[in-house]
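>>> next comes the sequence, and after it the predicted model I'd like to discuss.
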Amino acid sequence: MEGVVHRTVEVNGIKMHVAEKGEGPVVLFLHGFPELWYSWRHQILDLASRGYHAVAPDLRGYGDTEAPPSISSYNCLHIVGDLVALIDSLGVQQVFLVAHDWGAIIGWYLCMFRPDRVKAYVCLSVPFLRRDPNVRTVDGMRAMYGDDYYICRFQKPGEMEAQMAEVGTEYVLKNNLTNRTPGPPIFPKGEFGTGFNPDMPDTLPSWLTQDDLDYFVSKFNKTGFTGSLNYYRNFNSNWELTSPWSGVQIKVPVKFITGDLDSVYTSLNLKEYIHGGGFKEDVPNLEEVIVLKGVSHFNNQEAPQEINAHIYDFINKFSPHAHAAAKTT
């Protein structure tokens, strides 16, 4: 990761770790669960080489960013508050947003609350989740998949942390990152067990080295999983907090990318929503939906060249300056 600069920024009452490289229009990268700024290693180098300033924080509760103790500190308003303060600290009015998994959910909230700060959004894996005014988010998931759906299993403070501790940090991360099973992750009762991936391989896939895995493990060994699990524990709270935005349309230009093996894409009736007109209704400036064949959930790591090209092609339409800079280098 040569030339990547690490620093700590004071944002919204917490200290946030940021990795960055390059000069030009800012591209803000938001990671998901259970990940870190490091998930964007390929994108940071690529976009920096093409005339952009790539900025990838560890979100609150993750890695080298502070982790406030209370569950309510991880609701959508606090997390978006961190990002607005981060954007302010960079001295720019608008950023290009690229986000994956939980980062993608937070990205939708950023576009919802502060569309003035986002020039365009490349969203990976998790589409806009339309708010059902009559059913709280986790209640709806429980009705669809039962109590052992992973998000339902993550709700009770301390319970999943204890079950993860039994199998160990490396197992949890490897089990999640190597998952290629489509459909909703259903956990065994009362244990982490085979977790996300009942078919966990002995060897790592070609796109994930032992060094990569070791980096993730070292950070989660330090922080534990409570901060990252607290995002899930705010699904119902976020549902309550966003009631003023019920029925909102997201007006930011968007490109959406997923994989045909992604456990999100293949759950929660999202295929029907994405391809059946609902997504475009909620996000009228959705310009393109890309479904990568044979690619699973962690698409930014598994198919970096394709993802890099898709990001660049989309955001470059909105930034002729960067295009010119890339040509002259």
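Okay, I see it.

>>> going forward, measure contacts between C-alpha atoms and count neighbours the same way
Noted.

>>> a strand runs through residue 27, doesn't it?
Yes: counting by DSSP: H, G, I helix; E, B strand; the rest coil, one finds residue 27 located in a strand.

>>> that one against residue 54, yeah?
Yes: in terms of CA atoms under 8 Å, residue 27 counts as a neighbour of residue 54; the distance is 4.9 Å.

>>> all helices of the stretch 1-150 of the chain, in order?
41-49, 76-89, 102-113, 137-145, 150-153 (DSSP state H, counting those that start in this stretch).

>>> average pLDDT for the last one?
Same thing as helix 150-153. Confidence for helix 150-153, expressed as mean pLDDT, is 98.

>>> same thing with the third one?
Averaging the model's pLDDT scores along helix 102-113 yields 98.

>>> now swap in stretch 164-184 and tell me
Here stretch 164-184 scores 97 as its mean pLDDT.

>>> and that stretch, end to end?
19 Å (CA to CA, to the nearest Å).

>>> how about stretch 145-156?
Stretch 145-156 end-to-end distance (CA to CA) = 17 Å.

>>> re the thing from before, out of the helices of the stretch 1-150 of the chain, which gets nearest to residue 124?
helix 102-113 (6.5 Å; CA to CA).

>>> and the closest one, what does it pack onto?
In terms of contacts (3 or more CA pairs under 8 Å, 6 or more residues apart in numbering; DSSP states H and E), helix 102-113 is packed against strand 26-30, helix 76-89, strand 95-100, strand 118-124.

>>> I'd like the helices of the stretch 1-150 of the chain written out as a markdown table, with distance to residue 243 and mean neighbour count added.
Below are these laid out as a markdown table (distance: least, CA to CA, whole Å; neighbours: other CA atoms under 10 Å):
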| stretch | distance to residue 243 | mean neighbour count |
| --- | --- | --- |
| helix 41-49 | 35 | 21 |
| helix 76-89 | 12 | 18 |
| helix 102-113 | 12 | 22 |
| helix 137-145 | 12 | 16 |
| helix 150-153 | 21 | 20 |
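
>>> of all these, which lies closest to residue 173?
Of the helices of the stretch 1-150 of the chain, nearest to residue 173 by CA to CA is helix 150-153, at 14.7 Å.

>>> just how off-centre is stretch 62-73 within its chain?
16 Å (CA atoms, centre = their mean, to the nearest Å).

>>> span of that stretch from start to end?
13 Å.

>>> do stretch 57-71 as well
Across stretch 57-71, first to last residue, CA to CA, it's 20 Å.

>>> rounded mean pLDDT for that stretch, please.
98.

>>> and that stretch, which residues are buried?
Using 16 or more other CA atoms under 10 Å as the test for burial, stretch 57-71 gives 57-67, 71.

>>> could you do stretch 257-269 as well?
257-268.

>>> now render those residues as JSON lines, adding distance to residue 91.
Listed next are these as JSON lines, based on distance: CA to CA, whole Å:
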{"residue": "257", "distance to residue 91": "29"}
{"residue": "258", "distance to residue 91": "32"}
{"residue": "259", "distance to residue 91": "35"}
{"residue": "260", "distance to residue 91": "38"}
{"residue": "261", "distance to residue 91": "39"}
{"residue": "262", "distance to residue 91": "36"}
{"residue": "263", "distance to residue 91": "37"}
{"residue": "264", "distance to residue 91": "35"}
{"residue": "265", "distance to residue 91": "36"}
{"residue": "266", "distance to residue 91": "39"}
{"residue": "267", "distance to residue 91": "39"}
{"residue": "268", "distance to residue 91": "39"}
